[in-house]
Every structure is written in structure tokens, then in C-alpha cells.
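**Q** Need the 3D shape of this:
(one chain, ligands or ions: 2)
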Amino acid sequence: MDVENCIFCRIVSGAVKAAVVYEDDCTVAFDDINPRAPVHVVIIPKRHIDMVSDLKEKDAGMFGGLAIAANRIARIKGIADSGYRLITNCGKDAGQEVLHIHMHLLGGRKFAWPPG
Ligand code: AMP
Ligand code: ZN
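**A** Ligands and ions are numbered 1, 2, ... in the order given. This is a model prediction of the structure:
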């Protein structure tokens, strides 16, 4: 994926506006433009990588950082105690639409299991 054509890289650079709810050195998180729950935040690394199947050993800290950010954002959004779901879609069958690795933080309602 060409970084110039990546919508999430364009959010990182500021070329595309997003409702940013959290940022640190390696991570940015913003409200999903098409929310599937009362709280739906997309958490991305600032460094472009397409998907989970591209992760290497050296990326462990970066990917773990997404979960740490989710923990913080859940507190900011007031869903830390009620619970929430973290989802990372990888590839076609999972329905990954944006080829820049990301974690969905969903909360504010009860979710079904197994997922559809
Ligand atoms: P996925 O299907 O896992 O690739 O999820 C991509 C998510 O990114 C979807 O939930 C989209 O609604 C969301 N999304 C795509 N473009 C934007 C954007 N410009 N701002 C916020 N969320 C976006
Ligand atoms: Zn990207």
C-alpha cells in the first residue's frame, strides 16, 4: 500500500481531518466515521503496516501499544468498567477495508458472541 494513498496515513499527517481522541508517540486514535456502537474508536500505529499477517517480531511493541492505548481510551470514554470489545480484522474474510493495521474499540452496549 502506497502511504500517500492510505487514508489512515493521511489522518496521521493531518491531510485528512478526524475526531482524534488520543495520541502518543507511536499511536493515534479517532472516532470511527461509521460507528457500530455508542463508542467506536479506531486505534492505529503512526507507522504504516498493512495488516496483522505482515507483523514481525520487531513490531510486537507497536501492536501491544494499540491495546495499551485502548485501555486508556476506554477510561476517557467511560466504558472501562462496563466492558468493551477490541477487534482487528485481517484480510478479506475478516472484512478488513482499510489496509493500515488498526484496532477497533467498541463499547457502550452489549455485543453478541460469536460475531457475525
Ligand atoms: P476495517 O473494516 O477493519 O478495515 O475498518 C475500517 C474502519 O475505518 C471502518 O469502521 C470505517 O468506518 C473506518 N474509517 C474509514 N475511513 C475513516 C475516516 N476517514 N475516519 C474515521 N474512520 C474511518
Ligand atoms: Zn497507512
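
**Q** And the strands in the protein, which stretches?
**A** Using DSSP state E, the strands of the chain run over 20-23, 27-31, 39-45, 84-87, 103-107.

**Q** could I get these as a markdown table with mean pLDDT and mean neighbour count?
**A** Quick note: C-beta positions are derived from backbone N, CA and C, even for glycine. Conversion of those to a markdown table gives the following (pLDDT from 0 to 100; neighbours: other C-beta atoms under 10 Å):
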| stretch | mean pLDDT | mean neighbour count |
| --- | --- | --- |
| strand 20-23 | 98 | 16 |
| strand 27-31 | 98 | 20 |
| strand 39-45 | 98 | 23 |
| strand 84-87 | 98 | 16 |
| strand 103-107 | 98 | 22 |
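
**Q** Would you mind giving those strands as CSV with distance to ligand 2 added?
**A** Converted to CSV, the strands of the chain look like this (distance: least, C-beta to the ion, whole Å):
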stretch, distance to ligand 2
strand 20-23, 16
strand 27-31, 11
strand 39-45, 8
strand 84-87, 18
strand 103-107, 14
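
**Q** mind checking which of the ones you listed is nearest residue 114?
**A** Closest to residue 114 of the strands of the chain is strand 84-87 (C-beta to C-beta; 12.1 Å).

**Q** Out of the strands of the chain, which gets nearest to residue 77?
**A** strand 39-45 (4.8 Å).

**Q** what inclination does the closest one have with respect to strand 27-31?
**A** With axes from the mean of the first three to the mean of the last three C-alpha atoms, to 10 degrees defining the directions, strand 39-45 sits at 160 degrees from strand 27-31.
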